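Chemist: Provide a 3D model corresponding to the input given below.
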Amino acid sequence: MAGLFYMVRLFIYHTEAQQKPEPDRKILSDQFEIMERKLWYIITVPSMVLVLAAGITMLILVPGWLQQPWMHIKLTFVVGLVVYHYICQNKMKQMAKGIYTWTSTQLRIWNEVATIFLFAIVFLAVLKNSISWIYGVVGIVLLSLILMSAVKIYKYYRMKK
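Modeler: Purely as a prediction, here's the structure:
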C-alpha cells in the first residue's frame, strides 16, 4: 500500500513538473521517471506478488472463509486494488512517454481511491460480520466524501496562495 500511495504522489509531482521552464522540466521529469521505475519494480510489484501469494495461501489453509459473505466483498475490493495497481502502471508508462492526461488534482483524487480500498479491505477482515453491511457501506461512502472534500479544500487553499 505504501508503494501505491507514494507512486501516485510521484505522479503528482511529475505532472506538476511539466509546468516548470526548461531545463528544470527535463531534469525533474528524468528524475521522477527513475524514482517511479525503481519504486514500482523494486518495491510495489514484488510486494503485490507477495501479498497475493499470502492471501491465496490463507484461503487454501482456511477454505471455509470462501463461504463467508464478507470474504466475497473483501475479495471484490482486492480485485479492485489489483486493477488500481495496473492502472497506476499504465500511468507510469504514459508519463515516461511524455503523455500527461490527468491533472494533479485528478491524481490527488486518484490517490484517495487507494485509501478507500485499504479501509474497506482492512475493516472487512477485522470486523467480518460484526457490523451491519448497511453501516459498513455508509461508512465507506462517508469516508469517500470526506476524502474527496479534503482534496477540493486543499486545492482551494493551494490556488489561493
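
Chemist: Flag every buried residue along the lowest-mean-pLDDT helix or strand in the chain.
Modeler: Using mean pLDDT, DSSP states H and E, the weakest-scoring helix or strand in the chain turns out to be helix 133-160, at a mean of 77. For helix 133-160, a neighbour-count test (16 or more other CB atoms under 10 Å) marks 136, 140, 143, 144, 147, 151 as buried. The way it works is simple: take the backbone N, C-alpha and C, and place the C-beta from them, glycine included.

Chemist: quick one, what contacts the first one?
Modeler: In this case it means residue 136. The contact partners of residue 136, taken as CB atoms under 8 Å, 6 or more residues apart in numbering, are 123, 124, 127.

Chemist: how near is it to residue 109?
Modeler: Distance, residue 136 to residue 109, using CB to CB, to the nearest Å: 22 Å.

Chemist: just residue 23 next, same as before
Modeler: 31 Å.

Chemist: Ignoring the adjacent residues along the chain, who's closest to the residue nearest the centre of the chain?
Modeler: Compute the mean C-alpha point of the chain, and by CA atoms, centre = their mean the closest residue is residue 114, 3.1 Å away. Spatial nearest neighbour of residue 114, chain neighbours left out: residue 4 (4.9 Å); criterion: CB to CB, 6 or more residues apart in numbering.

Chemist: from what I can see that neighbour touches residue 44, true?
Modeler: Yes: applying CB atoms under 8 Å, one finds residue 4 in contact with residue 44, separated by 6.4 Å.

Chemist: between those two, what contacts are shared?
Modeler: Joint contacts of residue 4 and residue 44 (CB under 8 Å, 6+ apart) are residue 85.

Chemist: Can you pull the poorly scored residue ranges out of the chain?
Modeler: Low-confidence segments of the chain, defined by pLDDT under 70: 129-134, 137, 161.

Chemist: Tally up the residues packed near the residue nearest to residue 114, please.
Modeler: 24 (other CB atoms under 10 Å).

Chemist: And the host helix or strand of it, what's buried?
Modeler: Using DSSP states H and E, residue 4 maps to helix 2-17. Using 16+ other CB under 10 Å as the test for burial, helix 2-17 gives 3, 4, 6, 7, 8, 10, 11, 12, 14, 15, 17.

Chemist: Nearest to residue 79 among those?
Modeler: Distance to residue 79 across the buried residues of helix 2-17 (CB to CB) is lowest for residue 4, with 14.9 Å.

Chemist: Can you report how many residues neighbour residue 70?
Modeler: With other CB under 10 Å as criterion, residue 70 counts 18.

Chemist: All set, thanks.
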